[in-house]
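Enquirer: What would the 3D arrangement of this be:
(chains A and B)
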Amino acid sequence: MKKLRIVLDGMIKNNSTFVLLLGLCSILASSSTFSSAVGMGVAVTLVLIFTNVIISLIRKITPNDIRIPVFIVIIAAMVTIIQMLMKAFTPELALTLGVFLPLIVVNCIIMARAEVFASKNNPFDSFLDALGIGLGYILSIVALSLLREILGTGALRFVDPFTNSELFNITIFPSQYAIPLFAQNTGAFLMLGLMLATINAITAAVSARKAKKQAAAIPTKGGN
Amino acid sequence: MDKRIKLPLFLGSVCLIASAALAGVNALTYPIISQREEDARNRGYLETLNLESGAGLTMSDVQTATGDLAAAGLTGYVYFVNDDDQTLYGAVYNGETSGWEAGIKFQVGIAAGLFTGYNNIANNETSTIGGLFLTSLGDMIEGVPASDETALTDAINAYVSANVAGATANFAGVTRGAMVAALLACGVHYASLEASL
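Expert: You can find the predicted model right below:
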């Protein structure tokens, strides 16, 4: 149960995008299409998993004074490895993600999890934490991209990154009713803002209901 | 162990291991990436001239770019001559230049003094900025006189104002400057090649 809690906390309670508001640059830039969002999500998750596990494995021998430079070297190497592999095996996806692929190095989520979790916990727990945070990141970027692509183009398509062939292309509504703004950079800010506002409103309503229930459950002092 | 020795030694070891891992992955991926680029380049020799096949034409070996051509980022070129009268049919230029990022690898075809096509082989540009310019460049330049700077600039501006909402400033950036310089160098070279054959 405790292990599942680590994954769920990473996905929901500590969701990097909607709760911690970390790594928003890549979320905004790579969420214009569903295909690129999935690609970026998987790339960030792989980097998170490998860096968390490696950092956790060497945590006991890493001198505290130089832990940050060591983390940076490991993260940079992992991102470069993922970038080279993507350029070789998923070239179109690598081209679509462009500069945001190497920029995973400076994604705050990865450094934050290395410092806060992986450097203090065992490799398996660090793996689970990275998996949870990574899945939370994928969930966020995919949700944003779905709304942006559907509202911006009226359709939803997914391209196989290995063969560059279209796996599906579903027309949701005629393209003349689409709002292209959502597929552009400005639309990313607007849509993320709307999603954050909605999530905050729901969270506040749930908290208020919980507080009300708790208040009702506390017995009031008797008059006599 | 003394901290002054231990800390650099540890960091150095981590860097060494990371470098070895990178070298290993590079050894695996580099041949795949190079082969794909080579295949794209070979296909591009006909495609950029809008040719279905090379029938009736003879293609030269790849010539190494020198002088102004090399200075503008071109690495080499091939030219096609008509088998009938040995006149120049067209030429395809290979280039590698830098925009916002290094590594823009491309081909451009010229026939009868006009740009006929552009082949975007590889680049590291951001897809919505420099990358967008590169993927649209073929549509911008097709049919434009190759050595006429004004015509080329007008053609690019016309495409941008008709098709690119809100990104005009980005389009006029580093990628555009590098590519226009390379295309014009190709145009000038083509004119001299035409005169020499």
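Enquirer: three-state assignment of the nearest residue to residue B:101 once chain neighbours are set aside?
Expert: Spatial nearest neighbour of residue B:101, chain neighbours left out: residue B:124 (3.9 Å); criterion: CB to CB, 6 or more residues apart in numbering or on different chains. C-beta: built from backbone N, CA, C; applies to glycine. When classified by DSSP: H, G, I helix; E, B strand; the rest coil, residue B:124 comes out as coil.
Enquirer: what about residue B:124, how many residues close to it?
Expert: Residue B:124 is flanked by 22 other residues according to other CB atoms under 10 Å in any protein chain shown.
Enquirer: Got the phi and psi for it?
Expert: phi -110, psi 20 (degrees, to the nearest 10).
Enquirer: Check it and give its pLDDT.
Expert: You'll see residue B:124 listed with a pLDDT of 80.
Enquirer: what residues are up against it?
Expert: The neighbourhood of residue B:124, defined by CB atoms under 8 Å, 6 or more residues apart in numbering or on different chains, consists of A:98-99, B:101-104.
Enquirer: Report the mean per-residue pLDDT for the longest helix along chain A.
Expert: In chain A, taking DSSP state H as the definition, the longest helix is helix A:185-217. Average pLDDT, helix A:185-217: 92.
Enquirer: which parts of that helix are buried?
Expert: A:187-188, A:191-192, A:195 (16 or more other CB atoms under 10 Å in any protein chain shown).
Enquirer: what do you get for stretch B:138-149?
Expert: Neighbour-count burial for stretch B:138-149 flags B:138, B:140-141, B:144-147 (criterion: 16+ other CB under 10 Å).
Enquirer: residues touching residue B:176, list them.
Expert: Listed by CB under 8 Å, 6+ apart, the contact set of residue B:176 reads B:133, B:156.
Enquirer: pLDDT score for it?
Expert: 85.
Enquirer: and if you look at residue B:195?
Expert: 88.
Enquirer: And the helix or strand where it lies, what's buried?
Expert: Per DSSP states H and E, residue B:195 falls inside helix B:174-196. For helix B:174-196, a neighbour-count test (16+ other CB under 10 Å) marks B:174-176, B:178-190, B:193-194 as buried.
Enquirer: Quick one: low-confidence residue ranges for chain B.
Expert: Residue ranges of chain B with pLDDT under 70: B:165-172.
Enquirer: For the longest helix seen in it, which helices and strands make contact with it?
Expert: Ranked by number of residues, the top helix in chain B under DSSP H is helix B:3-47. Under the contact criterion of 3 or more CB pairs under 8 Å, 6 or more residues apart in numbering or on different chains; DSSP states H and E, helix B:3-47 touches helix A:67-89, strand B:88-97, strand B:104-111, strand B:114-122.
Enquirer: okay, the ones you listed, which one's buried deepest?
Expert: Burial of these is given as mean neighbour count (mean count of other CB atoms under 10 Å in any protein chain shown); strand B:104-111 ranks first at a mean of 25.
Enquirer: Got the phi and psi for residue 99?
Expert: Just going to use chain A. phi -70, psi -20.
Enquirer: was after chain B, sorry
Expert: Dihedral angles (degrees, to the nearest 10) for residue B:99: phi -110, psi -120.
Enquirer: just checking, it touches residue B:129?
Expert: No. The criterion here is CB atoms under 8 Å, and residue B:99 misses it with residue B:129 at 9.0 Å.
Enquirer: between those two, what contacts are shared?
Expert: Common neighbours of residue B:99 and residue B:129 (CB under 8 Å, 6+ apart) are B:173, B:175.
Enquirer: possible to save the buried residues of helix A:185-217 as CSV with distance to chain B?
Expert: Formatted as CSV, the buried residues of helix A:185-217 follow (distance: CB to the nearest CB, whole Å):
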residue, distance to chain B
A:187, 11
A:188, 11
A:191, 16
A:192, 16
A:195, 21
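Enquirer: Quickly check these for the two that are furthest apart.
Expert: A:187 and A:195 (12.0 Å; CB to CB).
Enquirer: Between the two, which contacts overlap?
Expert: Common neighbours of residue A:187 and residue A:195 (CB under 8 Å, 6+ apart) do not exist.
Enquirer: Near chain A, which residues of chain B are found?
Expert: Residues of chain B found near chain A, taking CB under 8 Å from any CB of the partner chain as the criterion, are B:3, B:6-7, B:10-11, B:14-15, B:18-19, B:21-22, B:25-26, B:28-29, B:32-33, B:36, B:100-101, B:122-128, B:131, B:165-166.
Enquirer: and the residues you listed, which are buried?
Expert: For those, buried by 16+ other CB under 10 Å: B:7, B:10-11, B:14, B:18, B:22, B:25, B:29, B:33, B:100-101, B:122-127, B:131.
Enquirer: Which helix or strand contains the residue nearest to the spatial centre of chain A?
Expert: Among the residues of chain A, the one closest to the centroid is residue A:137, at 1.4 Å (CA atoms, centre = their mean). Assigned by DSSP H and E, residue A:137 falls within helix A:123-153.
Enquirer: Could you list every helix and strand in contact with that helix?
Expert: Packed next to helix A:123-153, using 3+ CB pairs under 8 Å, 6+ apart, are helix A:2-8, helix A:24-29, helix A:34-57, helix A:108-113, strand A:155-159, helix A:185-217.
Enquirer: Serialize these to a markdown table and add fields for distance to residue A:85.
Expert: Shown next, in a markdown table, are these (distance: least, CB to CB, whole Å):
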| stretch | distance to residue A:85 |
| --- | --- |
| helix A:2-8 | 25 |
| helix A:24-29 | 18 |
| helix A:34-57 | 9 |
| helix A:108-113 | 17 |
| strand A:155-159 | 18 |
| helix A:185-217 | 27 |
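Enquirer: Specify the stretch among these that is closest to residue A:86.
Expert: Between residue A:86 and those, the tightest spacing by CB to CB is seen for helix A:34-57, at 6.8 Å.
Enquirer: Now find how far off-centre that closest one is within its chain.
Expert: How far helix A:34-57 lies from its chain's middle: 9 Å, per CA atoms, centre = their mean, to the nearest Å.
Enquirer: got the angle for that helix vs helix B:3-47?
Expert: For helix A:34-57 against helix B:3-47, the angle by axes from the mean of the first three to the mean of the last three CA atoms, to 10 degrees is 160 degrees.
Enquirer: so residue B:77, which of the three states?
Expert: Assigned with three-state DSSP, residue B:77 falls in the strand class.
Enquirer: distance of the closest residue to residue A:65 other than its chain neighbours from residue B:14?
Expert: Closest residue to residue A:65 apart from its sequence neighbours, by CB to CB, 6+ apart: residue B:7 at 5.9 Å. In this view, residue B:7 and residue B:14 are 11 Å apart by CB to CB, to the nearest Å.
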